[in-house]
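Undergrad: what follows is a predicted structure for the sequence shown.
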Amino acid sequence: MALLNILQYPDERLHTVAKPVATFDDALQKLIDDMAETMYEAPGIGLAATQVNHHIRLIVIDVSEERNNLLVLINPQIVEMDGKTTYEEGCLSVPGIYEEVERADHIKVQALDRNGQPYEISTGGLLAICIQHEIDHLDGKVFVEKLSRLKLQRIVQKLKKNQRKTM
Ligand code: GNR
Ligand code: NI
């Protein structure tokens with residue numbers, strides 16, 4: 001297993017639209033394991049392949065308290081959305097920034113597991129928010145881009161200042 005480097009906003013590679021996974025080979029299994037390790041180590045509740053510069057439709061998530069319930073979503077599709085909720089989101093690619101974002105409250109998602117078997121989840125709460133946040137990454141979108149231009153400008157200034165300090 002290995003820790004992967006997480007791209008930091010405003011890295012333009014975070015705007016890449018990911019392609020569907022077509023082959024469930026050993027390289028994919030290794031990437032899944034490395035992404036899970038990277039997410040747990042960060043620590044975060046989710047990680048999209050986009051964030052580790054692999055532009056395929058693969059997400060790992062664990063919203064459990066015990067950090068022992070890894071969920072792997074490959075080629076995920078939201079097939080139903082219901083209601084609205086707001087939550088103060090953060091992102092491993094946007095360190096130190098936490099902002100309220102509005103999303104669907106309940107979703108139904110179809111995805112493939114790490115062996116390519118299809119499954120479906122109907123969920124709400126933090127898991128639903130996290131799945132939507134991660135699918136946005138696969139579509140090249142970062143949560144701060146949902147905020148006003150002024151807020152986004154201020155966030156980018158702050159991130160650049162912090163990045164200068166840590167280089
Ligand atoms: O660790 C994470 N926490 C989080 C909190 C609220 C809403 C979404 C998230 S996802 C984030 C990890 C991450 O950046 N995934 O892309
Ligand atoms: Ni994120």
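TA: Looks like it arrived, so ask away. Ligands and ions are numbered 1, 2, ... in the order given.
Undergrad: which stretch of helix or strand covers the single nearest residue of the chain relative to ligand 1?
TA: Residue nearest to ligand 1 within the chain: Gly44 (3.1 Å; C-beta to the nearest ligand atom). C-beta: built from backbone N, CA, C; applies to glycine. Gly44 belongs to no helix or strand when elements are defined using DSSP states H and E.
Undergrad: for Ile45, which non-adjacent residue is closest in space?
TA: Distances taken as C-beta to C-beta, 6 or more residues apart in numbering put Val63 closest to Ile45, at 5.0 Å, once the chain neighbours are dropped.
Undergrad: looking at that neighbour now. What's its pLDDT?
TA: Val63 is assigned 98 on the pLDDT scale.
Undergrad: and if you look at the one 4 residues further on?
TA: Listed pLDDT for Arg67 reads 98.
Undergrad: assign it to helix, strand or coil.
TA: The three-state assignment at Arg67 reads coil, by DSSP: H, G, I helix; E, B strand; the rest coil.
Undergrad: contacts only, for it.
TA: Counting by C-beta atoms under 8 Å, 6 or more residues apart in numbering, Arg67 touches Tyr40, Pro43.
Undergrad: need phi/psi at it.
TA: Backbone torsions of Arg67, given as degrees, to the nearest 10, read phi 60, psi 40.
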